[in-house]
Structure formats: structure tokens, C-alpha cells
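Trainee: this is a predicted model, with the sequence first.
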Amino acid sequence: MSSSIEQGGPAGTNHLAADGINLESVRGQFPALETKTFLDAACVSLAPTVASDAIKDFIEAAVWCKERSSTNHHIAIDEMRALARPEAALLINAREDDIALVESTTHGLNIAANAIPLARSDRVLLCDLEFLQVALPWTQKAQEVGLEIDLAPNRMGKILIEDIAARIGPRTRVLAISSVQWTNGFRCDLGALSRLCRNRGVWLVVDATQELGAMPFDVQETPVDFLACGGHKWLNSPFGCGFLYIDPEAAPRLRPPLAGYLSLETPEGGWGDYFQTPSITPLREFTFVNEARRYETGGTANYPGAAGLAASLNLINSLGKAAIARRIHELTDHLISGLRTLNVDIVTPLERENRSGIITFDLGSPEKNVALMERLLERKVLVSVRYTSGIGGIRVSSHFYNSVEDLDRLLNIVQDWPRG
């Protein structure tokens, strides 16, 4: 490989980066990196050892029931699950009360679709680059209540604010959008969309699963009504648990969720005392919490997943969102430079403000892209091929645990691949 790609400028170090992330130490949290070059966090990321250790601790507690009673045991594991909420809140600068734990982005988006009050002839706006799950809850609601769905087209892989604004009409009630598009990594101007939706009285529902954990996001600076994020991608917690943020100002206008007893206000003395009270009855006036967790299942859920998510989020919060973003930009800059040197077509829009951890490139046809992906997989370099609405190619996802050497390994294989 040419020396310009091998060196990579300031990002070429594999020790203490300028942003303060100790790469050697962080990579040690991901033992799979010893045997493979993992560049596919946009599909499903690796879990750090702190997450697997947290899950082991939970399993040990479940096996041994270390509390004095089974009631106390239940309360203790409830508290272990709840540790994920403050970590999620810290990640996006929200209040803990505004965080609900969900199984996945899918779960969170469906909660939003069912909570927003909608009627026949109301319109929902999407863009044509979305992952199908962003559309599915609304297509189902369209069949149930007679919604209409509008689609804003991309322009060369970009979603432009003016195209969104032009399609918001008097009956538009919801804009559902991914903050980062899954096939090409385009990061939209969510701040502009937030202002647009508030000026037009439109609910803003955001799928942030390809952004959070890689790029910083602050709900105080950029208000949204709902923000859903699964744990198994850039949050590095592939155990069936994510979180949903609900704007507290939006909450009073939402439809009530499914009812569960853990969504009720905790009775005086706690649930342990309550269940020992002879006079309780299932039919009485109940008071639900005025918090986002009211939109959780309200019963037992994925406790091990939440324990793993809490640990993974703690690692990300400890490293620092800004430091992680700087590191990812260094890595993607290096990859872009290498691909340009090889005269490879880069599909991802390259404006800095629209960049994420995803860089997608194209060899000219889906067949060629899949063939190169298979060669990379044979060499234990993990990437994906993804398309939506004709936009896509070989998708490379660089996370904070990756190194310049990881990217050079990919670039060397691309360089040797026959493209005639």
C-alpha cells in the first residue's frame, strides 16, 4: 500500500490519541478484535467486557438470590435494570425521568406511533433513504386509522431541509426520520428539522440508532418529541435493550400506553409492604408515574440486557462524547483519503457537518460490491453491503475501538481487488 495510506498523518498512532482516548486500553475491552478486523458497528457492534461482566453479575444475582427474601431480590434486580436510565440520560443531556427502557429501536418507534394522537387523513412524512423499520409503524397506522404517508426524495444521498419543508402541508402531523441514514451515513441537520417541526406544529420522531454512541447529541440544544435508540449498534450492547427519550412537554398530549404495575407510583412503604396488606384490591384508583418509564412494559423486562446496556453506556460516557466523535472523524478521514488515492467512488456525502461513523463506497455495481465484501469477509475484515432507493454500496463503520491499521487492512485488500 502507498505510504500516504499507511501513515495516515496524525491519526496513524495506535497509542494515546490527541483526543485523549487510550486506544490500546479501549481495544482491550473488545477481545474479538484480536482475531478479526471489525468495521461493522452499523450492523451490530461488539460488546465490551464491562458489559459482559455486568451481565454475569446479574446472572449470578439471579442464580443465588443473595437478598434476605425473594421480594427484596426482585426489588434489587429492578434497581440493577434501572441503572441504564441515568446513563442514557447523561448521553443525550436529558433528565432520567424522560428515559424509558425499551427492547430496541423498533420497540421505541412503535411506542411513538401508538402514543401520538392521529386521525383519518392526517399525514406522516418520511424520506426515501430510511431503514424499513422507520416506515413500518406508520404503514400499519395508515391501515388502522386511514393515515396518509408522504415520501421526501433524497438528492444524491442527501436529505435536504428545503425538500422536507416543501412537503409539510396543513395535515402533516409527524416527521419520522433517522438522524443518520443507514446505507450511506448521511447525518441530517436535526437542529434545522427541530426548528421546522416546532414552527409548523409537527411531531418529530427520531431514530438515532446510527448516531448515538458515535456522534454527540443534546436534546436541550436540539428538542425532539421522541428519540429511539437500540443498544446493539454504536452503543456496543447487543443484548436486546435500548432506550426511548420522550420530551416531557409532549407527554401530556400523548395517548396512554399499555398499563403495567411497575408504571404506577410506588405505594407508601414500597411494593413489598403493599403486597402484604390484606385490604388491597385489583380494582381501585391507580396513579401512574409522570415519567417516560410509564411507556415501558410495566412488568418484568430484559433485565440482563439493561445491565449490559448500563455498563456499555458508562464506558461511552467515561470516554466522552466529543472525544469519541473526534476519534471517529480521524478514522473516517483516513479512510476517505485512502479511497480517494485508490480512485474509488465514495457514496457518502463528505461535508463535515453531515458525516457520521459510516463511510460507503461503490465499485460500480451491486455484484462487484458483494464480491469484494465476500473477499473482505474471507480475510476477516467485517463490513456490509447495504442499499435503499438506489443509494448504497460497501458500508464501512469505524468506531472508537478501531485503529488506522484496521482501515489500512481494508484498503490493502481494496487495492489488490481487480476492478476491470
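Mentor: Thanks, I have it. For clarity, every value in this text was computed on a predicted model and none was experimentally measured.

Trainee: A helix includes Gly393, no?
Mentor: No - counting by DSSP: H, G, I helix; E, B strand; the rest coil, Gly393 falls outside a helix, being strand.

Trainee: residue contacts, the closest residue in space to it that isn't next to it in sequence?
Mentor: Nearest residue to Gly393 in three dimensions, chain neighbours excluded: Asp362, at 3.6 Å (Cβ to Cβ, 6 or more residues apart in numbering). Just so you know, the C-beta spots here come from the backbone N, C-alpha and C atoms, and that holds for glycine as well. Listed by Cβ atoms under 8 Å, 6 or more residues apart in numbering, the contact partners of Asp362 are 344-347, 369, 392-394.

Trainee: again, only this time at 7 Å
Mentor: Asp362 makes contacts with 345, 347, 369, 393, as judged by Cβ atoms under 7 Å, 6 or more residues apart in numbering.

Trainee: partners of it in the sheet?
Mentor: Under DSSP bridges, the beta-bridge partners of Asp362 are Asp345.

Trainee: from Arg200, how far out is it?
Mentor: Using Cβ to Cβ, to the nearest Å, Asp362 is found at 36 Å from Arg200.

Trainee: same thing with Arg123?
Mentor: 12 Å.

Trainee: what about the two, which has more around it?
Mentor: Each of Arg123 and Arg200 has its neighbours counted (other Cβ atoms under 10 Å); Arg123 has more, 20 against 13.

Trainee: for the more buried one, list each beta-bridge partner.
Mentor: Applying DSSP bridges to Arg123, the residues it is bridged with are Glu148, Thr172.

Trainee: how about Arg68, secondary structure?
Mentor: coil.

Trainee: apologies, that question was intended for Ser45.
Mentor: With three-state DSSP as the criterion, Ser45 reads coil.

Trainee: just give the number of residues close to it.
Mentor: Ser45 has 24 neighbours, counted by other Cβ under 10 Å.

Trainee: any idea how far the residue nearest to Gly393 lies from Ala51?
Mentor: Asp362 sits 34 Å away from Ala51, taking Cβ to Cβ as the criterion.

Trainee: helices of the stretch 301-420 of the chain, start to end?
Mentor: Counting by DSSP state H, counting those that start in this stretch, the stretch 301-420 of the chain has helices at residues 303-319, 321-341, 366-378, 404-416.

Trainee: returning to what we had before: can you lay out the contacts of Asp362 as CSV showing distance to Ala135, neighbour count and pLDDT?
Mentor: Shown next, in CSV, are the contacts of Asp362 (distance: Cβ to Cβ, whole Å; neighbours: other Cβ atoms under 10 Å; pLDDT from 0 to 100):
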residue, distance to Ala135, neighbour count, pLDDT
Asp345, 28, 12, 98
Val347, 22, 23, 98
Asn369, 24, 23, 98
Gly393, 22, 28, 98
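
Trainee: what is the nearest of those residues to Arg255?
Mentor: Among the contacts of Asp362, Val347 lies closest to Arg255 (Cβ to Cβ), at 39.6 Å.

Trainee: wait, the closest one sits on Thr360?
Mentor: Yes - with contact defined as Cβ atoms under 7 Å, Val347 counts as touching Thr360 (4.3 Å).

Trainee: now for those two: what residues contact both?
Mentor: Contacts common to Val347 and Thr360, judged by Cβ under 7 Å, 6+ apart, are 184, 392-393.

Trainee: residue ranges of the helices in the stretch 51-200 of the chain, please?
Mentor: Using DSSP H, counting those that start in this stretch, helices in the stretch 51-200 of the chain cover 70-82, 84-92, 105-115, 132-145, 161-166, 190-200.

Trainee: my guess is Val26 meets Phe400, correct?
Mentor: Yes - using Cβ under 7 Å, Val26 is in contact with Phe400, at 6.4 Å.

Trainee: more neighbours, these two?
Mentor: Phe400 (26 against 21).

Trainee: now do the more buried one against Ser318, distance only.
Mentor: Phe400 sits 12 Å away from Ser318, taking Cβ to Cβ as the criterion.

Trainee: over to Glu96?
Mentor: Using Cβ to Cβ, Glu96 is found at 18 Å from Ser318.

Trainee: more crowded one of those two?
Mentor: Neighbours per residue (other Cβ under 10 Å) separate Glu96 from Ser318, with Glu96 holding more: 15 against 10.

Trainee: list the contacts of the more buried one.
Mentor: 85-86, 89.

Trainee: what's around the residue nearest to Gly299 when sequence neighbours are not counted, how many residues?
Mentor: Leaving out its chain neighbours, the residue that sits closest to Gly299 by Cβ to Cβ, 6+ apart is Gly260, at 4.7 Å. Using other Cβ under 10 Å, Gly260 has 17 other residues around it.

Trainee: go on, the one 5 residues further on?
Mentor: The criterion is other Cβ under 10 Å. On that basis, Glu265 has 11 neighbouring residues.

Trainee: how much space separates it from Leu407?
Mentor: Separation of Glu265 from Leu407 (Cβ to Cβ): 52 Å.

Trainee: picking up where we left off before, a markdown table please, covering the contacts of Asp362 and showing distance to Thr222.
Mentor: Output for these, formatted as a markdown table (distance: Cβ to Cβ, whole Å):
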| residue | distance to Thr222 |
| --- | --- |
| Asp345 | 32 |
| Val347 | 26 |
| Asn369 | 34 |
| Gly393 | 29 |
